[in-house]
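> Here is my input, please return the structure:
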Amino acid sequence: MGLHFARHGGDVLAAGRQMEGLPAAGPEVDLSSDVFMGHEFRAEVLGAVPADGYGTSAPAPWTVVTSVPVLLSPTGFEMIVYSNTTLGGYAERMVLSAPLLLPVPNGLDARRAAP
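Sure thing, here's the model as predicted:
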């Protein structure tokens, strides 16, 4: 996907703008700047910061998780697919939204949790 997007990113973004019925997924991606990618991922929780003030709990550290590729914020959300600001699954570390985390079931090979 990364190499395909590097070559055809403009076409991908144009097709996304033509889709109807989808909410705006954040700011437009600037292809002349760094683009962070990766929407299919599994991760180990390193820690949690209570950011919402509602006592949302996160899985314990070292729990293997996957998530809907969305980062929630007080102003809306940003898709974790390709972005100039939100780190994706190719990053060494990411910020994820605790309410969207899904622990990988015990015994499931973590490599199969997200392709």
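
> From the centroid of the protein, which residue is nearest?
Residue closest to the average C-alpha location in the chain (C-alpha atoms, centre = their mean): Ile80, at 3.0 Å.

> That residue - nearest residue in space that isn't next to it in sequence?
Counting by C-beta to C-beta, 6 or more residues apart in numbering, Ile80 lies nearest to Pro69, which is 4.0 Å off, once chain neighbours are set aside. Where C-beta positions appear, they are placed from N, C-alpha and C, glycine not excepted.

> before we move on, back to that, wait, the residue nearest to the centre of the chain touches Ser97, no?
No: when contacts are counted by C-beta atoms under 8 Å, Ile80 is not listed as touching Ser97 (9.5 Å).

> overlap in contacts of the two?
By C-beta atoms under 8 Å, 6 or more residues apart in numbering, Ile80 and Ser97 have these common neighbours: 67, 70-71.

> Of those, just say which sits nearest to Gln18.
Closest to Gln18 out of the shared contacts of Ile80 and Ser97 is Val70 (21.0 Å), distances taken as C-beta to C-beta.

> one step back: wouldn't the residue nearest to Ile80 be in contact with Val81 here?
Yes: Pro69 is in contact with Val81 according to C-beta under 8 Å; the separation is 6.1 Å.

> Please identify every residue contacting each of these two.
Between them, Pro69 and Val81 have 39, 88 as joint contacts when contacts are counted by C-beta under 8 Å, 6+ apart.

> Next up, phi/psi of Arg112, please.
Its backbone dihedrals place Arg112 at phi -100, psi -10, with angles given as degrees, to the nearest 10.

> separation between it and Arg7?
In this structure, Arg112 and Arg7 are separated by 29 Å, where distance is defined by C-beta to C-beta, to the nearest Å.

> What residues sit buried inside stretch 83-95?
Of the residues in stretch 83-95, those with enough neighbours to count as buried (16 or more other C-beta atoms under 10 Å) are 83, 86-89, 94.
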